[in-house]
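Engineer: Provide a 3D model corresponding to the input given below.
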Amino acid sequence: MPEMFFDSFGAFLEMGGHGFYVWLSFGLTLLLIFGNILYARISRRTFFRQFAQRQIRLGRKRTITSPVVQKTQEDTVIKL
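Structural biologist: Numbering: from 1, shown residues only. I've put the predicted structure just below:
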């Protein structure tokens, strides 16, 4: 069984006297990552709401769906 570097869990948390800085950096990093994910989700939702409102205002009320493919004898035409 491999030998542990720290003698106890308390020593692991203290990190040789540097525990405050180590755990603070981990905490801030996780906070920034989750904040960035949350910001991206809120921005995306806001964009689609504003886009839908603009489409309604311009009289082009359409839902965003996958394109409809219509086959003709000559070629395939994609209509949105």
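Engineer: the helix ranked longest in the chain: which residues count as buried?
Structural biologist: Ranked by residue count under DSSP state H, the longest helix found in the chain is helix 19-57. Residues of helix 19-57 include none that count as buried (16 or more other CB atoms under 10 Å). Using the backbone N, CA and C atoms, a C-beta is placed for each residue, glycine as well.
Engineer: how much distance is there from it to the middle of the chain?
Structural biologist: Its chain's C-alpha centre and that of helix 19-57 lie 7 Å apart, by CA atoms, centre = their mean, to the nearest Å.
Engineer: tell me, what residue is most central in the chain?
Structural biologist: When CA atoms, centre = their mean is applied to the chain, the residue found nearest the centroid is residue 37 (3.8 Å).
Engineer: how close does that residue sit to residue 24?
Structural biologist: 21 Å (CB to CB, to the nearest Å).
Engineer: ditto for residue 52
Structural biologist: Residue 52 is 42 Å from residue 24, by CB to CB.
Engineer: cool, and residue 7?
Structural biologist: Residue 7 sits at a distance of 23 Å from residue 24 (criterion: CB to CB).
Engineer: circling back: model confidence over the longest helix of the chain, on average?
Structural biologist: For helix 19-57, mean pLDDT is 95.
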